[in-house]
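>>> Kindly return the folded structure for what I paste below:
(one chain, ligands or ions: 1)
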Amino acid sequence: MTDLDAQARAILRGNDKGGYTLPTHGLYPYQWNWDSVFAAWGFATFDNSRAWDELDTLMASQWDTGMVPHIIFHQPDPGYFPGPDVWGTGQSPATSGISQPPVAATLARLIWDMDPQAGRDRIAVLYPKFVAWHRWWHKVRCTHGPVAIIHPWESGRDNCPDWDIGMAGVDGTRVGPYTRRDTGHVNPDMRPTKEDYDRYITMVEYGRSVDWDQDRIVADGPFLMADPGITFILLRAHDDLAAIGRALGHDVSEIEGWAGALRAALPALWNDKLGAYDAKDLRTDRFAGILGSGAFLAYLADAENPALDTQLMRVWNAVTYGIPSADPESVSFNPRKYWRGPTWPVVNALLALGFKGSGRTDLAERLRSETETLIRQHGFYEYFDPLDATPCGGADFSWTAAIWLTWARHHPDTALKGAA
Ligand code: GLC
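Here you go, the predicted structure:
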C-alpha cells in the first residue's frame, strides 16, 4: 500500500458518518446519491461489508414511488442550502425531491464481482429495490423516449452548458429570499452564478408547491430536458441489473424491455448538425447544440459510433488532463467553473469503463494515466482544470478517493476488474 492509498482510505473513513459517507466535510454535509455509490465502490477495495452497508443506507430512503432521492438529510446542518425545509418532501429522514444518475446497479455488480460469496445475500436484498428504481425511471422519466430531468441537479452535472437553453426558460426573478452557503466554502468563481441559483431554487419551490407530484412536474414544471448522460448511464445499468437478476435466478424480461425501449429512443438524442449526441429541451423540442461529457457516456452503453469517436479525440486532444466536461472549443468553455469545462475523476472512471467495455483499452489507459497524474500532483480534489491541472472545488473528496482506489492507481492489467 502506498501513501496515496493510505490517504484515500483515510478520506473515506474520515467522511464516514456510520453507514453513509459525506462527499466532503463542509461543502456537502449529507448523503448524496451517486457519490454514495462511488464511495461504496471505494470501500469495496478494503472493506467489502462496509460497501454493502453504504448501498443499504442509500436504498433505505427510496420513496414508495421507487425514486431514490439525490440527497438524504440525515442530520440537520446549517452549512448547506437548500436544506430539508426548502425541499419540503415530507420524507423521513428528510430528502430532496429529485433523483441522480443511477450508477448503483453497475457499480453493485462490480462490487459483487470483487467478492462473489460475501456479496450474494447482500445483493439479493438490494435487487428488488434497484428494480423498483429502474421501473420509476422508465415509467415516470422516459415518457418522451430518452431520460428527462426536471432539474439540472438531477443530471449530476449541475451547471454544464447542456442545460443553458432550458434554464433560459425558467423565470428566476420571483424567487423568495435566500442565502447561499456554497460560496462560503469554496472560491465563488468556481461555483454557479446567482442567476443560476435563482432559477435552481425556483424549480425547487415549484416541486414543493405540487407536493413533488412527479407526473405533474414532467407535464407542467418549469424545466424538462432530455439528458444524454443519464440516458446512457441508465441503459448500461439496465443491462447490469438484468445480469444480476439472471445470476440470482430471476425473470428479467421486464428489465430487458426497458433497455430495448431506451436503446430505440437514442436516435432522438443525435444532433446531426452537432455531429454528436446532444441534450434537448423537451418544452421547445430544441437541441442544446453543445458537446459535453454526457454525450461521451455513450461508450458506457455501447452506443458510440465513428462520428462520436472523432468528436471525442478532438475534445480530448484540445486539453492535457482528462476528458473535459464541456467542449474546449466552444464559447461557453471555462476550465475552472464546475461542469463548464473541468475534468472530473469520477466521470473519467465511468468513461474508461465504457472504453474498456467497447475494446478501447488504449483510450481507457490514457484516461487512467492522466487522472492518476492529477491526483498524484494535487491530491483528492473534487475536480481539476484540464489545461493546467489546477485542483478545484472541495478537497478530500470521497469519490475522488474511491476512484483512486478502484481505478486510477491501477495498471491496465488489474484495472476495472469485473468490467464487461
Ligand atoms: C455537486 C455535483 C454533483 C454531486 C454533488 C455532491 O452538486 O454537481 O454531481 O453529486 O455535488 O458531491
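
>>> mind showing which ranges of the chain have poor pLDDT?
411-420 (pLDDT under 70).

>>> Just want the residue of the stretch 251-400 of the chain that's nearest the ligand.
W339 (6.3 Å; Cβ to the nearest ligand atom). Placement of C-beta: from N, CA and C, glycine included.

>>> I'd like to know how many residues surround the nearest residue to that residue once chain neighbours are set aside.
Spatially, and ignoring its direct neighbours in sequence, W339 is nearest to C160 (3.8 Å; Cβ to Cβ, 6 or more residues apart in numbering). Using other Cβ atoms under 10 Å, C160 is surrounded by 26 other residues.

>>> quick one: C160 and R340 touch, right?
Yes - using Cβ atoms under 8 Å, C160 makes contact with R340 at a distance of 6.3 Å.

>>> Give me the common contacts of these two.
S325, A326 (Cβ atoms under 8 Å, 6 or more residues apart in numbering).

>>> hang on, the earlier thing: wait, is the residue of the stretch 251-400 of the chain closest to the ligand part of a strand?
No - counting by DSSP: H, G, I helix; E, B strand; the rest coil, W339 falls outside a strand, being coil.

>>> Please identify which helix or strand holds A132.
helix 116-136 (DSSP states H and E).

>>> What are the contacting residues of that helix?
Contacts for helix 116-136 (Cβ under 8 Å, 6+ apart): 48-49, 52, 55-56, 59, 62, 65-68, 99, 102, 104-105, 108, 111-112, 234, 237-238, 241, 244-245, 248, 250, 254-255, 258.

>>> Buried among those? Need that as a selection in ChimeraX.
A single ChimeraX command selects the buried members of those (16 or more other Cβ atoms under 10 Å):
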select :48,52,55,56,59,62,65,66,67,68,99,102,104,105,108,111,112,234,237,238,241,244,245,250,255,258
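
>>> From the contacts of helix 116-136, which land in helices?
Counting by DSSP state H, the contacts of helix 116-136 place 48-49, 52, 55-56, 59, 104-105, 108, 111-112, 234, 237-238, 241, 244-245, 254-255, 258 in helices.

>>> for I255, what are its contacts?
Contacts of I255 by Cβ under 8 Å, 6+ apart are V131, H134, H238, L241, A242, G245.

>>> how much space between the fourth one and the ligand?
In other words, L241. 21 Å (Cβ to the nearest ligand atom, to the nearest Å).

>>> can you pull the contacts of that residue?
A105, Y127, F130, V131, H134, V252, I255.

>>> what's the spacing between the spatially closest residue to it that is not a sequence neighbour and the ligand?
Spatial nearest neighbour of L241, excluding adjacent residues (Cβ to Cβ, 6+ apart): A105 at 4.0 Å. From A105 across to the ligand, the span is 18 Å (Cβ to the nearest ligand atom).

>>> list the contacts for A105?
F130, H134, A237, H238, D240, L241, I244.

>>> so which of those residues comes closest to the ligand?
A237 (16.4 Å).

>>> which residues touch the closest one?
P102, V103, A104, A105, T106, H134.

>>> Specify the local secondary structure of T320.
Applying three-state DSSP: T320 is coil.

>>> Let's test this: what are the backbone torsions at it?
phi -110, psi -30 (degrees, to the nearest 10).

>>> Distance of the residue nearest to P345 when sequence neighbours are not counted relative to the ligand?
Using Cβ to Cβ, 6+ apart and skipping the chain neighbours, the partner closest in space to P345 is I403 (4.5 Å). Relative to the ligand, I403 is positioned 13 Å away (criterion: Cβ to the nearest ligand atom).
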